[in-house]
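Enquirer: this one's sequence-less:
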Ligand code: HEC
């Protein structure tokens, strides 16, 4: 009985050491994130200040208030959203823009890969 328990514990330990920790924006790779941005966001978002496409410019978006680009027509839901775009908020938004209360206007299915999200957020942090 005890032997089985110890065996099970050892298995759990081995399994947990094999699973990499979840990616977080803190360790994102901004160069890889730039490629993700160009592939998935750039159709709708510019990385430079003052250029709005289907979506608002994402220049300096990290840590700013939502719906802050002056001449962009945001959805009411986005205007009502008061949570600043921290890397945590961005991660949740980009995982599921349509499911999240914020994202009604962004016709984009989101980035399912946590690594892609961490990388693109690291890239957004360079846009200042
Ligand atoms: C199909 C077009 C489209 C794509 C693709 C898209 N977006 Fe958006 N995005 C929008 C629109 C439209 C809005 C405004 C949403 C609203 O007002 O509800 C928006 C809003 C945002 C906001 C909030 C901006 C603010 O000023 O508050 C962020 C951040 C954002 N998008 C990031 C991204 C990132 C990062 C990607 C790529 C991984 C991406 N989006 C892909 C259209 C898009």
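Expert: Noted; the coordinates are in hand. Everything numeric here is computed off the predicted structure, so don't read it as measured data.
Enquirer: State the number of residues packed around residue 47.
Expert: Residues within reach of residue 47, counting by other C-beta atoms under 10 Å, total 19. For the C-beta atoms, the positions are set from N, CA and C on the backbone; glycine is no exception.
Enquirer: what's the burial count for the nearest residue to it once chain neighbours are set aside?
Expert: What sits nearest to residue 47 in space, not counting adjacent residues and going by C-beta to C-beta, 6 or more residues apart in numbering, is residue 127, at 5.4 Å. By other C-beta under 10 Å, 18 other residues sit near residue 127.
Enquirer: Residue 127 touches residue 64, doesn't it?
Expert: No. Contact criterion C-beta atoms under 8 Å: residue 127 and residue 64 do not qualify, at 10.9 Å.
Enquirer: in this protein, which spans are helices?
Expert: Secondary structure of the chain by DSSP state H: the helices cover 2-18, 30-40, 76-80, 87-95, 114-124.
Enquirer: which of these has the lowest average pLDDT?
Expert: Mean pLDDT is lowest for helix 2-18 out of those, coming in at a mean of 53.
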